[in-house]
Every structure is written in structure tokens, then in C-alpha cells.
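# Need coordinates for the below:
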Amino acid sequence: MHYFIGNLGHIFVITSFIAALLTVFNYFKATTTEDLEKKNGWLVNGKASFYVHAFSVFGICVTLFIIIANHYFEYHYAYSHSDRKLPSYYLISTFWNGQEGSFLLWMFWHSILGIILINTNKFWEAPVMVVFTLVQAFLASMILGVVIPGLDFKIGSSPFILLRDVMRDAPIFLAQPDFIPKDGTGLNALLQNYWMVIHPPTLFLGFALTVVPFSYCMAGLWLKKYSDWVRPALPWALFGGAILGLGILMGGYWAYETLNFGGYWNWDPVENAVYVPWLILVAAIHTMITYKNSETALKASVILSIGVFVSILYATFLTRSGILGEA
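Numbering: from 1, shown residues only. Model prediction:
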């Protein structure tokens, strides 16, 4: 049994969650403190705690991939999404095949974007990072897998849970508690395609990018700078729209090539769950450009920027909760 790598991964998960909460607190104090010396101190603390968070996220990614690549089938995630026959490039795609891996991929892109935000716009750093890291803390909670004692309540689902803990009532584990399967269940045949390697990372980068304009918008409302947020948010919105649109095009071609939809688009609920947020984002880009040029449509820009983020959360809930699959 390879307990060490799983325990290390779980420590990284807990550290990332705690560091995200600390980052929110530090940047909140930096935003609300008027004393310049104290403000700078809170900014330094916020930056340090976010770097700890980002390092922990990268650590989670490395440990989970080690489990998958080395076929440690005592772990439920490796057993459920991979097998020994998969080529290495498909093993990479099993990383984000499951719900926990998808959230982890989202967190990975968030960590990179957060580092860029910290080192680019100093004026907006503190308020933007409060909102941005709150979202990151929420994502971290989705892979926490911690049970609250006495309440029988579980926060998130850990990618490092052992197979025997998930299937504890299975006869094989009742007879042999240390049983390890010789092979996993493998990757769905429809997902064994090169698009599975490049489509989800592109799509989740687009998801992550939509949080940046939302963070600028909320920071502007918080600081009562109701219009100043548009200028720094617009380039991020444009980049996010381009990447998310590219991801949708990839998905459409994948459907045409592999899934036998009979075309590039089938108006499938999962496809629509990605398409609708992109439409709202494109509308937000148009209203932001309109405000920048003629100082009109500010309220529409605020509503649409918030709407993009809300629709992304709703789409993720629909696709990852199993509701659409059971409908």
C-alpha cells in the first residue's frame, strides 16, 4: 500500500484551503486598513499566503498524477479512471476525467492567474484578490473530503480516498481489507481521443478567466469606484471570451469527429451549459467596450459580469452534480 503519497496529497489539499482563507483575510485587512505601513504589511502577508496556496495546488497535482501514472489502484480515483493499458497521453487526460480532477484543474489555472494578478495591477491587488481567492477557497473545499465530527457532514470529495473506504461493504474488502485490484476500470472509450487531452484544459482556463472580470467588478462596487474597474477588467474579459470560445469550438469538432452527433452541435444540455456563459461573456464585453467609448451601459456591464460568473457556477453544478446525467 502506498499510503505516503496519498497522505501527502491530502496534506496539500488542507494546506491549500487554509492558505486560501488566510489570503482572503490578509487582503481584506490590506483593503480596509488606512495606515500605509500596516497596509503594506498585510499586502506582503497576502502575497506570501497566496504563494503557499499556489505551491500546495501544484503539490496536489503532482501527487495525484504520481498515483495515476504508477497505477496505484488502491486509490479510488486511479481505479475508477485509468488502467494499465492506457497510453501515457490518455493517462494525462484521466487526471481531469473525474469530478475532483476537474475542480483541481480549475484551481491550477486559478493559481497561475492569481500570481499574474498579484504582480500586475498593484492598485487593485488587494480588493480583487479578496474576491478571487474566496472563489479559490470554495473550489478547494470541493476536494477537501473532510468529515465534521458529530455532524456526519462531509465537505467535498477527496481525490486521495482509498478504494476500500469507498467500497467498504464489498465482499472482497470484508474478506481482504488490504486487497488491491490488479487493474483499473479504465477510461470510457468515447473519451480515448486526443481532444480529451487538450479540450478540458482549454475549457477550464476559460472558466478560470471569467472570474477575473467578476473580481474586478465586485472590487469596484466594494470600493465605490463604480466605473474604474471596467478598464482593467476588459482585457481579461476579451482573453476569457477568446479562450472559452476556442474551447467550445474544440468540443463541437470533437462531437462531430467522435460522438456521432451528426453535426458539430447537438444542443446537448452539457454543451449548452458551456455555451450560455460564453454568450453572456460576449455580451459583457460589448457593454464594457460601449462604456469605455461612450460612458453608457455601465449597469449592464455590472449585471453581465456578475451573470457570467453565476452562470459558470450553475453550469458546473449541472454538469458535475449528476443531475443532467440522471435526467
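
# rest of the way, CA atoms for contacts and neighbours
Fine.

# So for the residue nearest the centre of the chain, what's the nearest residue that isn't a sequence neighbour?
Residue closest to the average C-alpha location in the chain (CA atoms, centre = their mean): W106, at 2.1 Å. Closest residue to W106 apart from its sequence neighbours, by CA to CA, 6 or more residues apart in numbering: F204 at 5.6 Å.

# can you pull the pLDDT of that neighbour?
For F204, the pLDDT comes out at 92.

# now do H2
82.

# With adjacent residues omitted, what lies nearest to P127?
Distance criterion CA to CA, 6+ apart; nearest residue to P127, sequence neighbours excluded, is A219 at 5.2 Å.

# Tell me how many other residues surround the one you found.
When neighbours are defined as other CA atoms under 10 Å, A219 has 25 of them.

# Remind me which helix or strand it belongs to.
A219 is part of helix 194-222, with elements assigned from DSSP states H and E.

# What is that helix packed up against?
helix 88-94, helix 99-118, helix 125-141, helix 230-257, helix 298-320 (3 or more CA pairs under 8 Å, 6 or more residues apart in numbering; DSSP states H and E).

# does the residue nearest to W106 really touch F108, like I thought?
No. Using CA atoms under 8 Å, F204 makes no contact with F108, being 9.5 Å away.

# what about R84, which SS state?
coil (DSSP: H, G, I helix; E, B strand; the rest coil).

# Please determine how far it is located from G186.
Using CA to CA, to the nearest Å, we find R84 at a distance of 8 Å from G186.

# so who does the nearest residue to S311 once chain neighbours are set aside touch?
Nearest in space to S311, with sequence neighbours left out and distances taken as CA to CA, 6+ apart, is P277 at 5.5 Å. P277 makes contacts with 307-309, 311-312, as judged by CA atoms under 8 Å, 6 or more residues apart in numbering.

# which stretches of the stretch 201-327 of the chain have low pLDDT?
Along the stretch 201-327 of the chain, the parts satisfying pLDDT under 70 run over 259-264, 266-268, 320-327.

# What pLDDT is listed against the residue of the chain positioned farthest from its centre?
When each C-alpha in the chain is compared with the mean C-alpha position (CA atoms, centre = their mean), A175 comes out farthest, at 38.6 Å. The model reports A175 with a pLDDT of 76.

# follow-up on the earlier one: distance of the residue nearest to the centre of the chain from V44?
According to CA to CA, W106 stands 25 Å off from V44.

# now swap in Y75 and tell me
38 Å.

# Ok, S294 next?
38 Å.

# Looking at the two, which one has more neighbours?
For S294 and V44, the more surrounded residue by other CA under 10 Å is V44, and the numbers stand at 15 against 9.

# which phi and psi does V147 have?
phi -100, psi 130 (degrees, to the nearest 10).

# Give me the nearest residue to it, chain neighbours excluded.
K154 (4.2 Å).

# helix, strand or coil for the one you found?
strand.

# ok, the residue nearest to the centre of the chain - contacts?
Residues in contact with W106 (CA under 8 Å, 6+ apart) are 139, 204-205, 207-208.

# Format those as TSV; extra columns: neighbour count.
Formatted as TSV, the contacts of W106 follow (neighbours: other CA atoms under 10 Å):
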residue	neighbour count
L139	19
F204	22
L205	21
F207	27
A208	26
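
# Pick out the most distant pair among those.
L139 and L205 (14.2 Å; CA to CA).

# Let me have the contacts of P277 in CSV, adding neighbour count and distance to P213 as columns.
Output for the contacts of P277, formatted as CSV (neighbours: other CA atoms under 10 Å; distance: CA to CA, whole Å):
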residue, neighbour count, distance to P213
G307, 17, 11
V308, 25, 9
F309, 23, 9
S311, 18, 14
I312, 21, 13
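
# quick check, nearest of these to P127?
Nearest to P127 among the contacts of P277 is F309, at 17.2 Å by CA to CA.

# Next, the contact list for the closest one, please.
Per CA under 8 Å, 6+ apart, neighbours of F309: 210-211, 214, 277.

# Of those, keep whichever come out buried.
Restricting the contacts of F309 to buried positions leaves 210-211, 214, 277, with burial counted as 16 or more other CA atoms under 10 Å.

# Now for those: which two are most distant?
Farthest pair in the buried ones among the contacts of F309 (CA to CA) is F214 and P277. Separation: 12.7 Å.

# shared neighbours of the two, which are they?
308-309.

# what helix or strand is N45 on?
Per DSSP H and E, N45 falls inside helix 36-69.

# Buried residues in that helix, which are they?
Neighbour counts over helix 36-69 (16+ other CA under 10 Å) mark 39, 42-43, 45-61, 63-65, 67-69 as buried.
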